[in-house]
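K.L.:
Provide a 3D model corresponding to the input given below.
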Amino acid sequence: MRYIFLLWLLLGAITISRAQPNGWWQGQMMYKQSNVPFTFSWQQQSDSTASVTFKNGQEELTTIAAMAGDSVRIPLFVFDAELVAHIAGSTMSGQWIKHYKPGNSVPFKAYYAKPRFAETTGKPASINGIWNMPFTQPSGTTSKAMGIFNQQGVHVTGTIATPVGDYRFFEGVVRGDSLLISSFDGVHAFLVKGRYSNGRWTGKMYFDVNYAETWQATQAKENVLTNPFEVITVPPATYTPYYDILTAGGTYNAIDTDALQGKVVVIQLMGTWCPNSYDQTQFLTNWYLQQDTTLLKLMAVAYEPGDKAYAANRIKKYKASMHIPYTMYLGGRMSKGQAALAFPNMGKINAFPTLIIIDKGGFIRYIHNYFTGPATGELYQHFKQDFNAKIQALLLE
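P.N.:
Below you'll find the predicted structure:
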């Protein structure tokens, strides 16, 4: 009887060791200059699976982790990346791996019941609203950016928009005159530190293992960025795409141009590795399902790392997981220059994703040069209104 009791205790201990604490965890990406914290919820479903939900401000993204003993693999949504870690009770340690970048990994740790940032009491400085927020690279080059923040007491959410896209959803705190906000979307882990003095904020943003840029911010009354539709304007009835080379990096001349005659055509230049492309693809998928496609055609052309076999497999998985109702093609390698080869009025595109809108006569009418996604709030709403208005006007021509 004694041996049976001891065996029962041992089996119970093994079971308990596999069951990790359910609830909120703090993860950390271990950059050389600063750790980047984020939060996720862990809900164990069985000895071999757990539901993991990553939270950044208004966004929550859920994935299913696979467990084997004390090891866990957490796939990061539609991206070819994952967290691989060992679990010991209320801690995890491992690596953040981007498979589309061979050899790229970042040390990762996580702690149960620890917040993203410790909150404090007292009156915080304000970063609420819109801010002109230029960034300066280590080389001294300065680029435009705009901070869009919503502050409730010490808690802050929002994003940073730039001429090549937005940095998606941030969340954090203001401690007196100090700002701490971060974001993790599976592909990027960002940390912003700042300090308020004499009517402006200054600080540093950590982008990667060994890269950071400085920034300063002053309050702005309106959008400081150029409308993506106005970065490159196109004279009507001037340029037509080279459809025969648009997919030359994948299958040459893959697009059936006869099926495009007399239609308004929207071409999305994107990558399955790109979070802004993910946001835009979600919008386009929902939008296209609501359209009468008699005189409308939407297609995506992806530019991917790796060889053709890898790229084709990524596109197939991406299309299936996001339930994309339109055709996706492989355009070639991940290159802004290659993405522009089919368009005679561009030397390169400014950003992934880029939208090219073609009128019924087959001419390039509009180019939307970068994407301001859901995290940008009013900018995203303005894009949807502007995009719909342009498409409807072209359909009526």
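K.L.:
any low-confidence regions in this structure?
P.N.:
1-19 (pLDDT under 70).
K.L.:
residue ranges for the helices of it, please.
P.N.:
Using DSSP state H, the helices of the chain run over residues 2-18, 243-246, 275-289, 308-322, 336-339, 378-396.
K.L.:
TSV for the ones you listed, including distance to Lys55 and mean neighbour count?
P.N.:
Yep, even glycine has a C-beta here, placed from its N, CA and C like the rest. Shown next, in TSV, are those (distance: least, Cβ to Cβ, whole Å; neighbours: other Cβ atoms under 10 Å):
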stretch	distance to Lys55	mean neighbour count
helix 2-18	25	10
helix 243-246	38	18
helix 275-289	16	20
helix 308-322	21	16
helix 336-339	32	19
helix 378-396	19	15
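K.L.:
Output these as a markdown table; include the columns distance to Thr162.
P.N.:
Below are these laid out as a markdown table (distance: least, Cβ to Cβ, whole Å):
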| stretch | distance to Thr162 |
| --- | --- |
| helix 2-18 | 44 |
| helix 243-246 | 27 |
| helix 275-289 | 10 |
| helix 308-322 | 24 |
| helix 336-339 | 15 |
| helix 378-396 | 12 |
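K.L.:
from what I can see Gln137 touches Ala212, true?
P.N.:
No - judged on Cβ atoms under 8 Å, Gln137 makes no contact with Ala212 at a distance of 9.5 Å.
K.L.:
These two: which has the busier surroundings?
P.N.:
Each of Gln137 and Ala212 has its neighbours counted (other Cβ atoms under 10 Å); Ala212 has more, 19 against 12.
K.L.:
Can you spell out which residues form a bridge with the more buried one?
P.N.:
Tyr206 (DSSP bridges).
K.L.:
one step back: of the helices of the chain, which is nearest Gln151?
P.N.:
When the helices of the chain are compared by Cβ to Cβ, helix 378-396 sits nearest Gln151, at 16.5 Å.
K.L.:
Mind listing residues that contact that closest one?
P.N.:
Outside helix 378-396, the residues that touch it by Cβ atoms under 8 Å, 6 or more residues apart in numbering are 148, 161, 166, 223, 227-229, 264, 266, 283, 287, 295-296, 355, 357, 359-360, 365-366, 368, 371-374.
K.L.:
Over to stretch 277-296?
P.N.:
77-79, 168, 262-266, 268, 270-271, 298, 300, 322-326, 352-353, 355, 360, 371, 373-375, 384, 388, 391, 395.
K.L.:
Go ahead and build a PyMOL selection from the buried members of those residues.
P.N.:
Provided next is the PyMOL selection string for whichever of the contacts of stretch 277-296 are buried by 16 or more other Cβ atoms under 10 Å:
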select buried, resi 77+78+79+168+263+264+265+266+268+270+271+298+300+322+324+326+352+353+355+360+371+373+374+375+391+395
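K.L.:
So which of the contacts of stretch 277-296 are in strands?
P.N.:
Val264, Val265, Val266, Gln268, Met270, Leu298, Ala300, Leu355 (DSSP state E).
K.L.:
Between the helices of the chain, which one is closest to Asn35.
P.N.:
Short answer: helix 275-289, nearest of the helices of the chain by Cβ to Cβ, at 20.9 Å.
K.L.:
From the chain's centroid, how far away is the closest one?
P.N.:
Offset of helix 275-289 from its chain centre (Cα atoms, centre = their mean, to the nearest Å): 12 Å.
K.L.:
Can I get that helix as PDB, trimmed to CA atoms?
P.N.:
The C-alpha trace of helix 275-289 is given here as PDB (Å, rounded to 0.1, in the frame of the first residue of the first chain):
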ATOM      1  CA  PRO A 275       2.800  42.900 -40.200                       C
ATOM      2  CA  ASN A 276       1.500  46.000 -42.200                       C
ATOM      3  CA  SER A 277       0.700  43.600 -45.100                       C
ATOM      4  CA  TYR A 278      -1.100  41.400 -42.600                       C
ATOM      5  CA  ASP A 279      -3.300  44.300 -41.500                       C
ATOM      6  CA  GLN A 280      -4.000  45.400 -45.100                       C
ATOM      7  CA  THR A 281      -4.700  41.900 -46.200                       C
ATOM      8  CA  GLN A 282      -7.400  41.600 -43.400                       C
ATOM      9  CA  PHE A 283      -9.000  44.800 -44.700                       C
ATOM     10  CA  LEU A 284      -8.900  43.700 -48.400                       C
ATOM     11  CA  THR A 285     -10.200  40.200 -47.600                       C
ATOM     12  CA  ASN A 286     -13.300  41.600 -45.800                       C
ATOM     13  CA  TRP A 287     -13.700  44.400 -48.300                       C
ATOM     14  CA  TYR A 288     -13.500  42.100 -51.400                       C
ATOM     15  CA  LEU A 289     -16.100  39.700 -50.000                       C
END
